[in-house]
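Undergrad: Sequence plus predicted model, see below.
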Amino acid sequence: MSENHYAEFSECGMKPQDVLAYVSGPAPVPAEGEVLVRMMAAPINPADINFIQGVYGVKPVLPHSRAGLEGCGVVEESRADGFRKGDQVILLLGVGSWSKLVAVPAVNLMKLPVAVDPVQAAMLKVNPLTALRMLEGFVSLKPGDWVVQNAANSGVGRCIIQLARQMGVKTVNFVRRPDELRDELTMLGADLVVGENDEDAVKRTLAFLDGKRPVLASNAVGGESALRLMDMLAPGGSMVTYGAMSRKSIKVPNGFLIFKGIRLEGLWVTQWLKHAPAQDIAAAYDKLARLMAEGSLVQAVDTVFPLNEVRRAVEKAQEEFRNGKIVLKMGWSDFLFK
């Protein structure tokens, strides 16, 4: 265990595949209070792309910045209380998950309460938690309430559909390819799938809801798409923004604020993880991990790449139309979770 392999970059670039390198170096040695984790899998999220581009909320320390903001692994060695060799863990904070081995402060790890498929567990930190906070952190939703979202085919969007179904909450889901995605999203639990560019989409959708407007809107797009969500909201409803896929600002008509009393809020789970009480974080991941383990929360995977093909994987992750997440596999043939 004298050698490590990982992805790093020494300059930011708008094409991450051009600045990333797969390199070797000595294996890290955990300090007191740290845990040595043998990584098993890590997804490539939009945040990872933005991080390498230098436009994310967390900035890389150059040169020789490690890549990867999320992932799952098993404890190889522990110098901290509460962890022992063989524990399955996810990384909560810090960077460098696109590595075979990483030494992590114990406070930045979460031990999973049940065994979860490594690829699914690798995607546990960001998208499922974002969806859970969206549904539990802003509006007191009741069974029968409606939630509307754009980017419903995204990782977060799919999690919102599945978690809302568990809560008895109904979802209106805007996507760009409704005919292609309707059956798939309906099987996940979507109640209504609507095309972003459908003519009179708001009017027709509200007619389907028979006068009951959504009380919560989940916005990952911005621009005109966000205005459509606000238009659908009930008076006093909330729109929570967690992404800006269109890279367009939200220009809010005064009437939405004055006459409808719409509340506008933002969600960044990295910030929540920094400030939330430890018991709240543990409770959230306990709930999500158990749903994953029983198959009630499943995230779509397009392609799994070995770590040494990280540049090809990152390029694939930037393709506009995919059938799920791109995941890096570090190898777990020695670990079986059943």
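TA: Everything's here; your move. Numbering: from 1, shown residues only.
Undergrad: How far away from the center of its chain is the helix or strand encompassing residue 76?
TA: Here residue 76, judged by DSSP states H and E, is contained in strand 72-78. Using CA atoms, centre = their mean, to the nearest Å, the distance from the centre of strand 72-78 to the centre of the chain it belongs to is 22 Å.
Undergrad: okay, it in CSV with CA atoms only?
TA: Below are the C-alpha coordinates for strand 72-78, written out as CSV (Å, rounded to 0.1, in the frame of the first residue of the first chain):
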residue,chain,number,x,y,z
CYS,A,72,-17.9,6.2,-1.2
GLY,A,73,-15.2,4.0,0.3
VAL,A,74,-14.2,1.6,3.1
VAL,A,75,-12.0,2.4,6.0
GLU,A,76,-8.5,1.0,5.6
GLU,A,77,-7.1,2.4,8.8
SER,A,78,-8.5,4.5,11.5
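Undergrad: what's in contact with that strand?
TA: By CB atoms under 8 Å, 6 or more residues apart in numbering, the surrounding residues in contact with strand 72-78 are 1, 30, 35-42, 83-91, 101-102, 106, 116, 118, 121-122, 124, 330, 332, 335. For the C-beta atoms, the positions are set from N, CA and C on the backbone; glycine is no exception.
Undergrad: what do you get for stretch 287-299?
TA: When contacts are taken as CB under 8 Å, 6+ apart, the neighbours of stretch 287-299 outside the stretch itself are 112-117, 120-121, 123-124, 127-129, 132, 155, 158-159, 162-163, 166, 324-325.
Undergrad: one more time with 7 Å, if that's ok
TA: Counting contacts by CB atoms under 7 Å, 6 or more residues apart in numbering, the residues outside stretch 287-299 that touch it are 112-116, 120-121, 123-124, 127-129, 132, 155, 158-159, 162-163, 166, 325.
Undergrad: picking that back up, the strand holding residue 76 pairs with which strands, and in what direction?
TA: Strand pairing for strand 72-78, using DSSP bridges, gives strand 34-44 (antiparallel), strand 88-91 (antiparallel).
Undergrad: between those, which one is nearest to residue 246?
TA: Ranking these by distance to residue 246, with CB to CB as the measure, places strand 34-44 first at 20.6 Å.
Undergrad: average pLDDT across that closest one?
TA: Averaged across strand 34-44, pLDDT comes to 97.
Undergrad: Next: stretch 231-242.
TA: Per-residue confidence for stretch 231-242 averages out to 97 on the pLDDT scale.
Undergrad: just stretch 158-177 next, same as before
TA: This predicted structure assigns stretch 158-177 an average pLDDT of 97.
Undergrad: Pretty sure residue 165 is one of the things residue 189 touches, is it not?
TA: Yes: taking contacts as CB atoms under 7 Å, residue 189 lies within contact range of residue 165: 3.3 Å.
Undergrad: Comparing those two, which shows the higher neighbour count?
TA: residue 189 (19 against 16; other CB atoms under 10 Å).
Undergrad: Let me have the strands paired with strand 72-78 in TSV, extended by mean neighbour count and distance to residue 313.
TA: Supplementary listing: the strands paired with strand 72-78 in TSV, determined by neighbours: other CB atoms under 10 Å; distance: least, CB to CB, whole Å:
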stretch	mean neighbour count	distance to residue 313
strand 34-44	26	6
strand 88-91	23	18
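Undergrad: Look up how far residue 105 lies from residue 36.
TA: With the distance defined as CB to CB, to the nearest Å, residue 36 ends up 12 Å from residue 105.
Undergrad: And for residue 250?
TA: As judged by CB to CB, residue 250 and residue 105 stand 37 Å apart.
Undergrad: Over to residue 28?
TA: Using CB to CB, residue 28 is found at 12 Å from residue 105.
Undergrad: just to revisit the earlier point, take the strands paired with strand 72-78 and lay them out in a markdown table including distance to residue 146.
TA: As requested, those are arranged in a markdown table below (distance: least, CB to CB, whole Å):
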| stretch | distance to residue 146 |
| --- | --- |
| strand 34-44 | 30 |
| strand 88-91 | 32 |
